[in-house]
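Participant: What would the 3D arrangement of this be:
(chains A and B)
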Amino acid sequence: GAVVSQHPSWVICKSGTSVKIECRSLDFQATTMFWYRQFPKQSLMLMATSNEGSKATYEQGVEKDKFLINHASLTLSTRTVTSAHPEDSSFYICSARPRQGLGTDTQYFGPGTRLTVL
Amino acid sequence: GENVEQHPSTLSVQEGDSAVIKCTYSDSASNYFPWYKQELGKGPQLIIDIRSNVGEKKDQRIAVTLNKTAKHFSLHITETQPEDSAVYFCAANNAGKSTFGDGTTLTVKP
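Facilitator: Modelled structure (predicted):
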């Protein structure tokens, strides 16, 4: 149990285009989903937190209009990078926290999405 | 806010030896401490966790200890195998929000 999927696993796009990344909890309902960015050989940097049915909370320094989050249901959150630039190239990981059971403090991570902006 | 420090940043051991990774945290309100293993190009995977009302937890070759007074917790891996090679992250959680350590790159030499 506790499987989180992310799609796509990797994407290459041109500068100025938008990219959507999906995060799904496959076998549990998620109260909260988290979006992280990870630079090479570094820790996880929290970018935003989304709760189903409400607006996402963005960490300081993260541009809301650039990283749009939609937590559409208890199993799906999407994040859209609008007008991507080469500096947005990175490894992005989502995680989901169960609504009940499984330990509601625990975060289960997706496999990550490698974004490359040319 | 919470601050988590993790040591060492890199650790190299011989296959069969034990490996220990240590973390300290600053916020005494943190009450849940998971450990994650991340392999190259993949997302972190939960390997073991401990709550603040427990001092030690073991799962086969992996164990975690927690000292609430000193605000530190450790991951112990015994009888290490090459497939244990990965980056390990500790985290301290308060009210559902996790703060992660900077990670330890463990290399197990065959």
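
Participant: all strands of the chain, in order?
Facilitator: No chain was given, so I picked chain A. Here chain A has its strands, by DSSP state E, at A:4-7, A:10-13, A:19-25, A:30-38, A:44-51, A:57-58, A:67-70, A:76-81, A:90-98, A:108-109, A:113-117.

Participant: Chain B, not that one
Facilitator: Applying DSSP E to chain B gives strands spanning B:4-7, B:10-14, B:19-25, B:32-38, B:45-51, B:56-59, B:62-67, B:72-77, B:86-94, B:97-100, B:104-109.

Participant: So which of those is nearest residue A:90?
Facilitator: Among those, the nearest to residue A:90 by CB to CB is strand B:32-38 (15.0 Å). For every residue, glycine as well, the C-beta is placed using N, CA and C.

Participant: helices or strands up against the closest one?
Facilitator: Strand B:32-38 is packed against strand B:45-51, strand B:62-67, strand B:86-94, with contacts defined by 3 or more CB pairs under 8 Å, 6 or more residues apart in numbering or on different chains; DSSP states H and E.

Participant: Quick one: distance of it to the chain centre.
Facilitator: The chain centroid and the centroid of strand B:32-38 are separated by 6 Å, computed with CA atoms, centre = their mean, to the nearest Å.

Participant: before we move on, the earlier item: dump the helices and strands packed on strand B:32-38 into JSON lines; add mean neighbour count as well.
Facilitator: Below are these laid out as JSON lines (neighbours: other CB atoms under 10 Å in any protein chain shown):
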{"stretch": "strand B:45-51", "mean neighbour count": "17"}
{"stretch": "strand B:62-67", "mean neighbour count": "18"}
{"stretch": "strand B:86-94", "mean neighbour count": "24"}
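
Participant: now those in TSV, with distance to residue A:53 and mean pLDDT?
Facilitator: Converted to TSV, the helices and strands packed on strand B:32-38 look like this (distance: least, CB to CB, whole Å; pLDDT from 0 to 100):
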stretch	distance to residue A:53	mean pLDDT
strand B:45-51	26	95
strand B:62-67	35	97
strand B:86-94	23	95
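
Participant: Same list, those, but as CSV with distance to residue A:110 please.
Facilitator: Output for the helices and strands packed on strand B:32-38, formatted as CSV (distance: least, CB to CB, whole Å):
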stretch, distance to residue A:110
strand B:45-51, 11
strand B:62-67, 23
strand B:86-94, 15
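
Participant: I'd like the ones you listed laid out as TSV, including distance to chain A.
Facilitator: Shown next, in TSV, are the helices and strands packed on strand B:32-38 (distance: least, CB to the nearest CB, whole Å):
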stretch	distance to chain A
strand B:45-51	6
strand B:62-67	14
strand B:86-94	5
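
Participant: who in chain A is up against chain B?
Facilitator: A:2, A:4, A:6, A:32, A:41-44, A:49, A:91, A:93, A:95, A:97, A:103-112, A:114 (CB under 8 Å from any CB of the partner chain).

Participant: Where in chain B is the helix or strand with the lowest mean pLDDT?
Facilitator: The helix or strand of chain B with the poorest confidence is strand B:97-100; it has a mean of 90 (mean pLDDT, DSSP states H and E).

Participant: in its sheet, what does that strand sit against?
Facilitator: Using DSSP bridges, the strands paired with strand B:97-100 are strand B:86-94 (antiparallel).

Participant: Quick one: neighbours of residue B:83, just the number.
Facilitator: Close neighbours of residue B:83, defined as other CB atoms under 10 Å in any protein chain shown, add up to 8.

Participant: so what's it up against?
Facilitator: residue B:108 (CB atoms under 8 Å, 6 or more residues apart in numbering or on different chains).
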